[in-house]
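In: Could you work out the structure for the sequence below:
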Amino acid sequence: MAYMSAYQGPAGRYAPSPSGDLHFGNLRTAVLAWLFARQSGRRFYMRVEDIDSERSSAEAARRQLEDLAALGIEWDDPVLYQHERGAAYAEALAALPTYECYCTRRDIREAASAPHAQPGMYPGTCRNLTDQERASRRSLLRTEGRLPAVRLKAQAPEWTVRDALRGGYTGAVDDVILKRGGRVDQAQAGDWAYNLAVVVDDGYQGVDQVVRGDDLLASAPAQAYLAHLLGYAEPEYVHVPLVVSQGGRRLAKRDGAVTLREMAPDGDYRPVVGAIAASLGHPGVDDLAALARVFEPADLPRKPWVWA
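Out: Modelled structure (predicted):
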């Protein structure tokens, strides 16, 4: 699909969700995305993934961008805000094979617990309903004050992507949600879903390198399949190891003073950059420009880094 764009590829990107301040793990991934892009001669774009109406805030987005700039990350303008991109998502949705889904979360949980159900996969309850069945379900939802979700009608059970650190990775595609449903009095009802927005925006911004945490590896096949359906080239994926707590869980704000402003209340961010550099195998470096001169993607540690 072709859209007029202010962006030029090839490019990398960092795309935080503005639901609060970024923690050390988020900042480390942002630095890695910047390093990979700049070392390969790519542009580097910032995208604010603020399509979650319930959790996103303009104040959180502003603070996140301030923190990233304070670390020394610079990016190419303009910053893209997903809440402004509804028309592009609607155009993409119209080009895809889709169907309405009337299931509640409880319906899906119960169906997933049935014998032979694939864990984590939508069981296809609404995929092949007749027109009469759809009309009946739609009418029932209206009386309940609910909107149906819109799902991809996938024609491939699985898809293989290429990851720079892991090689080929094959995973299930699934009938992913493209537009959310839910109760009309809930903020998220009718929101665009991440899987659609991220693919459309990567294509629009000329992003051909996606560096992100390896907890998102399993979502790459479905997103690459969507890119294929929409006529976009599949990006190079780089799923990097996460920062984890001493208990082995993905780092979260419950693990203590982990945000930039908590770690550097005096505004001296060099120790934070130094900790990020040390986690990448370069102790003693406390400046991003210096880190860019010594960082080698091939030497990136392949195990999670434990927050101490």
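
In: residue ranges with poor pLDDT in the stretch 51-200 of the chain?
Out: Applying pLDDT under 70 to the stretch 51-200 of the chain flags residues 111-119.

In: now the helices for it?
Out: For the stretch 51-200 of the chain, the helices defined by DSSP state H, counting those that start in this stretch occupy 58-71, 86-94, 105-112, 131-144, 194-205.

In: Can you say which of these is nearest to Gly247?
Out: helix 58-71 (25.7 Å; Cβ to Cβ). C-beta: built from backbone N, CA, C; applies to glycine.

In: And the closest one, what's buried?
Out: 60-61, 63-65, 67-68, 71 (16 or more other Cβ atoms under 10 Å).

In: Using the record's assignment, carve this structure into domains.
Out: 11-84+241-306, 91-183 (automatic domain parsing).

In: just so I know, which of those lies nearest His228?
Out: Closest approach to His228 among the domains of the chain is made by domain 91-183 (7.7 Å; Cβ to Cβ).

In: what's the neighbour count on Glu54?
Out: 10 (other Cβ atoms under 10 Å).

In: and if you look at Ala298?
Out: 6.

In: Need the three-state assignment for it.
Out: Under DSSP: H, G, I helix; E, B strand; the rest coil, the three-state class of Ala298 is helix.

In: again, but for the one 3 residues further on
Out: The assignment at Pro301 comes out as coil when based on three-state DSSP.

In: I'd say it and Leu280 touch.
Out: Yes - with contacts counted by Cβ atoms under 8 Å, Pro301 reaches Leu280, the gap being 7.0 Å.

In: Wait, Arg28 touches Ile276, no?
Out: Yes - using Cβ under 8 Å, Arg28 makes contact with Ile276 at a distance of 5.1 Å.

In: quick one: the strands in the stretch 201-308 of the chain?
Out: 209-213, 236-240, 243-244, 305-306 (DSSP state E, counting those that start in this stretch).

In: any idea how far the residue of the chain most remote from its centre is from Cys101?
Out: Distance from the centre of the chain peaks at Gln132, with 36.5 Å (Cα atoms, centre = their mean). According to Cβ to Cβ, to the nearest Å, Gln132 and Cys101 sit 17 Å apart.
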